[in-house]
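J.: what follows is a protein structure lacking sequence information:
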């Protein structure tokens, strides 16, 4: 059995992280302050930190061999080590750090066989504008619970085996991860070792599902599986949500399920989340209380072209006859007041990334949001330059608990 890789992880290119990074100690600009005061309904940027694009796990194995050798957004593959990238889910720790989940690696099953699936422990330092990486866990299946052949003989899990996209931690310290290829729910211990057979979403399969039988037609789009996964405040229930619609469903409707941890089974309860338009995606879901969640909704555009990057408050007790839940906008991530000049210059801060896939509730009026930089594919901040991983905090115009 290969042991999880623990200990300090360093980020390459720290000097670059200081360029253009602001902190809460920066002097507020009169224009920015005026803009924030003129629109009390706009969220405010309160923290910004970044991890440079070319950040790698030291001493780790090579990766990116299937990407060719031509530069991609200024970065030339393959890589000598495993990149620290693709933050698609986040969990808050008591010591101020966060557990951040990387996705399947380089965006596809075919090119990610040498990317090891991993949970990174990160610590944003908003005073310096840097994200520290303190260690992490490599995911594995030493007891052979996976029911199909794995890429590696040592049963370390790779991006060709699973596409992990969402994560929660149960009261017992174990991790539950939502996955897209199946889609499956995956249950890991504190050391990142799989604890049981992957649990499929009832009646749903993608073209990448190992469970497809010959002649069977998949009914969920590629990369549209369990992008979102929330856990109830008491830890008894999980709430996985698909990123895209199931064949035959309304193209604006996403299925939100309930899963009972004690029974290790889906309960049969289901809600409908309605996107603002067909073609959008729901990218994360986090519980606020027993019945309400915050959810990210986004388009598939980046940079100046990005048009829809929003966070909504979702209420499962307020639904119509078809089970469609009520939602209300709490943050427009493309229109955040920036009175302290954090991150990038300007009175308005935009979070214009193709994939924004992680949100965490930090307080009744504060959310943390992270992007998935799809290293080295995305270039939202600067065309032709691979995106960093960014971690921002925003102050909401009103309390989550006051919204009904």
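T.: Arrived safely. Being a predicted model, the structure only gives us computed values, none of them experimental. Residues are numbered from 1 along each chain as shown.
J.: and residue 301, how many neighbours?
T.: Residue 301: 15 surrounding residues under other CB atoms under 10 Å. The way it works is simple: take the backbone N, C-alpha and C, and place the C-beta from them, glycine included.
J.: and if you look at residue 128?
T.: Residue 128, neighbours per other CB under 10 Å, totals 15.
J.: is it true that it lies in a strand?
T.: No - using DSSP: H, G, I helix; E, B strand; the rest coil, the assignment for residue 128 is coil, not a strand.
J.: show the pLDDT at it.
T.: At residue 128, the pLDDT value in this model is 96.
J.: repeat for the one 5 residues further on
T.: Residue 133 is assigned a pLDDT of 97 by the prediction.
J.: what of residue 19?
T.: 30.
J.: with residue 13 instead?
T.: 36.
J.: equivalent analysis for residue 7, please.
T.: Model confidence at residue 7, expressed as pLDDT, equals 35.
J.: just residue 187 next, same as before
T.: pLDDT, read off for residue 187, is 98.
J.: low-confidence ranges, this protein, go.
T.: Residues of the chain meeting the criterion pLDDT under 70: 1-38, 404.
J.: what segments of it are helices?
T.: Secondary structure of the chain by DSSP state H: the helices cover 14-18, 30-38.
J.: which residues are in contact with the residue lying closest to residue 99 once chain neighbours are set aside?
T.: Nearest non-adjacent residue to residue 99, counting by CB to CB, 6 or more residues apart in numbering: residue 91, 4.3 Å away. For residue 91, the contacting residues are 98, 99, 100, 167, 168, 169, 360, by CB atoms under 8 Å, 6 or more residues apart in numbering.
J.: for those, which one is nearest residue 61?
T.: The shortest approach to residue 61 among the contacts of residue 91 belongs to residue 100, at 20.1 Å (CB to CB).
J.: residue contacts, the spatially most central residue of the chain?
T.: Taking CA atoms, centre = their mean, the centroid of the chain lies closest to residue 88, which sits 2.1 Å from it. Counting by CB under 8 Å, 6+ apart, residue 88 touches 101, 102, 103, 164, 165, 166, 227, 355, 357, 358, 372.
J.: hang on, isn't the second one packed against residue 120?
T.: If I follow you right, that is residue 102. Yes - Residue 102 lies in contact with residue 120 (CB atoms under 8 Å); the separation is 6.6 Å.
J.: overlap of the contact sets of these two?
T.: With CB under 8 Å, 6+ apart as the test, residue 102 and residue 120 both reach 84, 87.
J.: could I get the contacts of residue 88 in TSV, plus columns for neighbour count and distance to residue 291?
T.: What follows is the contacts of residue 88, written out as TSV (neighbours: other CB atoms under 10 Å; distance: CB to CB, whole Å):
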residue	neighbour count	distance to residue 291
101	26	25
102	27	31
103	28	29
164	30	27
165	31	24
166	31	19
227	30	21
355	27	28
357	29	23
358	27	22
372	26	28
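J.: keep only those of the residues you listed that are in strands.
T.: Mapping the contacts of residue 88 onto strands (DSSP state E) picks out 101, 102, 164, 165, 166, 355, 357, 358, 372.
J.: so how far is residue 389 from the fifth one?
T.: So the one you mean is residue 166. 17 Å (CB to CB, to the nearest Å).
J.: what does the fourth one give?
T.: Here residue 165 is placed at a distance of 15 Å from residue 389 (CB to CB).
J.: please apply the same query to the first one.
T.: Distance, residue 101 to residue 389, by CB to CB: 12 Å.
J.: what touches both of these two?
T.: Joint contacts of residue 101 and residue 389 (CB under 8 Å, 6+ apart) are residue 87.
J.: next, the contact list for the closest residue to residue 171 other than its chain neighbours, please.
T.: Take residue 171 and drop its neighbours on the chain: the residue closest to it by CB to CB, 6+ apart is residue 235, 4.1 Å away. Applying CB under 8 Å, 6+ apart to residue 235 gives the contacts 170, 171, 261.
J.: what's opposite residue 273 in the beta bridge?
T.: residue 254 (DSSP bridges).
J.: touching, it and residue 253? I think so.
T.: Yes - checked against CB under 8 Å, the pair residue 273 and residue 253 is within contact range at 7.2 Å.
J.: common neighbours of those two, please.
T.: In contact with both residue 273 and residue 253: residue 324, using CB under 8 Å, 6+ apart.
J.: settle it for me: which of these two has more neighbours?
T.: residue 273 (24 against 18).
J.: against residue 297, how distant is that one?
T.: 9 Å.
J.: now do residue 398
T.: From residue 398 to residue 297 the distance is 19 Å (CB to CB).
J.: ok, these two, which is more surrounded?
T.: Between residue 398 and residue 297, counted using other CB under 10 Å, residue 297 has the larger neighbour count: 24 against 13.
J.: bridging residues for that one?
T.: residue 282, residue 310.
J.: my read: it touches residue 274, true?
T.: No - judged on CB under 8 Å, residue 297 makes no contact with residue 274 at a distance of 10.0 Å.
J.: and residue 298, what does it touch?
T.: 280, 281, 283, 308, 309, 310, 355, 356.
J.: neighbours of the nearest residue to it once chain neighbours are set aside, how many?
T.: Of all residues beyond its chain neighbours, the one nearest residue 298 is residue 309 (5.0 Å), with distances taken as CB to CB, 6+ apart. A count of nearby residues for residue 309, using other CB under 10 Å, gives 26.
J.: one step back: just the contacts of residue 88 now: which is nearest residue 241?
T.: Nearest to residue 241 among the contacts of residue 88, with distances taken as CB to CB, is residue 227, at 7.4 Å.
J.: distance check, residue 118 against residue 394.
T.: Distance of residue 118 to residue 394, computed by CB to CB: 27 Å.
J.: no further queries at this time; thank you.
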